[in-house]
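Q: task: produce atomic coordinates for the following.
(one chain, ligands or ions: 1)
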Amino acid sequence: MKIKKDKDKLIVPDELTIPYIKGDGVGAEITPVTQRIVDKSVARAYNGKRLIRWKEVLAGETAFKRTGSYLPDETIDVFREYYIGIKGPLTTPVGEGIRSLNVALRQTLDLYVCLRPVRWFKGIESPVRKPENVNMVIFRENTEDIYAGIEWQQGTPEAGKFLQFLTSEMGVSNIRFPETSSFGVKPVSKEGTERLVRAAIEYALAKKLPSVTLVHKGNIMKFTEGGFERWGYELAEREYADRVLSMSQCKKIMKEQGEDAALDVFVKAWSSGKMVIQDVIADAFLQNTLLKPESYSVIATLNLNGDYISDQLAAMVGGIGIAPGANINYSSGHAIFEATHGTAPDIAGRGIANPSSLLLSSVMMLEYIGWNEAAKLITSAMEQVFARGESTVDIACCTPNRKALGTAQFGDAIMNLIDAEEL
Ligand code: NAD
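A: Below you'll find the model as predicted:
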């Protein structure tokens, strides 16, 4: 049975069909293990009253071999119809004119939030001193920015035409090497910013988190990244005035009425439990996350910044093998949960891939549909497995005294714990 939508709410049936893309490379190893664990946790949490039926849809190399298309229309139609889905990693086809399948999926379904929670599991080696302080959720804008794919290669008539437009119609005179330049366009809109920042604020308020930080490069790119900062603050001050403290407003009060007045506003807001909206320049943010990660909770940022930030934060808690992700449109309800790593061709077929990224993404999926009890069983089993020194080789190899398990063995260890979990 399918999810239905009633006004703004998703109605989730107890017997739920979820479309999935197995994925290329290690997808064939991590997807079945993930599905078995999810099935086990749902059965255990709801005593057979709830059930997932998996429906395979095609994308990537498998799709190309069977249908001649890397991303058949039917796959997108099924995700649209069933609202949610999960996917393994996909090979990005090499060749001009072929765009990343992940980007295509996100753009076609307008999945404007790339959601990346980052947390540390006790027992996993980390390059930072206090990994237990790394606990952030990244809201990365998914549809705009330099990732929109509007660019022209140096030497083409299009690049020449664009150069001509810039110089003769827009008065641009500071392109250092005009004849040998390629060009890209970075669209950042007020609507795009607002829906992303709104989603981040709603998430933080619902989970009673202390802050939302707008991460940007507005000091250099005044209208795009700077617009993101300004529109983000304006939205927070307009729509959430009673629930958030805007640091931009605090700064304004300090400038106009002095330090005492600003401190007064800050203390009042703090004591009434308001959530803080703050901002930080992206490069300072990357440095701060290493030095004082406890300063940050929910992060709202543009597409390119979000890409760098996601990978750095993932590396701080164990690497891409364990970083989950989802692409969500909070207005339409559509969401695709995904392994954030690639197809890992260097280890594919050897049975050693880490299924944690996809597994934690499935935890996000269970939480998204409100099946929190099943989600909790998986997370708690993973916590125990890591804490007792067991993991797949990507994590075991950098940690002394760890036991390296194969993909299936790691899955079995988690399933045994789910069976043993006291409910
Ligand atoms: P990759 O993520 O596949 O691999 C990078 C490194 O991480 C490799 O050493 C690999 O062995 C390791 N690794 C990745 N996933 C792992 C796992 N689950 N367990 C253990 N180790 C793991 O990146 P790449 O090699 O640059 O890309 C390979 C292919 O994947 C390319 O076609 C690329 O376009 C595609 N890709 C897809 C996605 C996606 O579908 N979301 C993301 C990134 C790359």
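
Q: when you work out contacts or count neighbours from here on, use the C-alpha atoms and nothing else.
A: Fine.

Q: so which residues on the protein come close to the ligand?
A: Listed as neighbours of the ligand in the chain under the rule Cα under 6 Å from any ligand atom: 89-92, 321, 340-344, 346-347, 353-355, 394.

Q: try 8 Å
A: Residues of the chain found near the ligand (Cα under 8 Å from any ligand atom) are 23, 26, 30, 88-94, 100-102, 320-322, 338-348, 352-357, 392-394.

Q: helices - which of the residues you listed land there?
A: Counting by DSSP state H, the residues of the chain next to the ligand place Ile30, Leu101, Asn102, Ser356, Ser357, Val393, Asp394 in helices.

Q: reduced to three states, what does the residue with the largest distance to the centre of the chain come out as?
A: When distances are taken from the C-alpha mean of the chain, Ser168 lies farthest, 41.0 Å away, according to Cα atoms, centre = their mean. When classified by DSSP: H, G, I helix; E, B strand; the rest coil, Ser168 comes out as helix.

Q: what is the neighbour count of the residue of the stretch 101-250 of the chain found nearest the ligand?
A: Of all residues in the stretch 101-250 of the chain, Asn102 sits closest to the ligand, at 6.1 Å by Cα to the nearest ligand atom. Asn102: 18 surrounding residues under other Cα atoms under 10 Å.

Q: which stretches of the stretch 201-350 of the chain form helices?
A: Ranges of helices within the stretch 201-350 of the chain are 225-239, 247-257, 259-271, 282-291, 303-316, based on DSSP state H, counting those that start in this stretch.

Q: just the buried ones from the residues of the chain next to the ligand, in ChimeraX syntax?
A: Listed next is the ChimeraX selection for buried residues among these, using 16 or more other Cα atoms under 10 Å:
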select :23,26,30,88,89,90,91,92,101,102,320,321,322,338,339,340,341,342,343,344,348,352,353,354,355,356,357,392,393,394
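
Q: mind checking pLDDT for Arg402?
A: pLDDT recorded at Arg402 is 79.

Q: so how far is the ligand from it?
A: Going from Arg402 to the ligand by Cα to the nearest ligand atom, to the nearest Å gives 15 Å.

Q: also Lys268?
A: Taken as Cα to the nearest ligand atom, the span from Lys268 to the ligand is 44 Å.

Q: returning to that earlier point: now, among the ones in helices among the residues of the chain next to the ligand, which is nearest to the ligand?
A: The closest of these, once distances to the ligand are taken by Cα to the nearest ligand atom, is Asp394, at 5.1 Å.

Q: quick one: contacts for that closest one?
A: By Cα atoms under 8 Å, 6 or more residues apart in numbering, the contact list for Asp394 reads Gly321, Ala353, Asn354.
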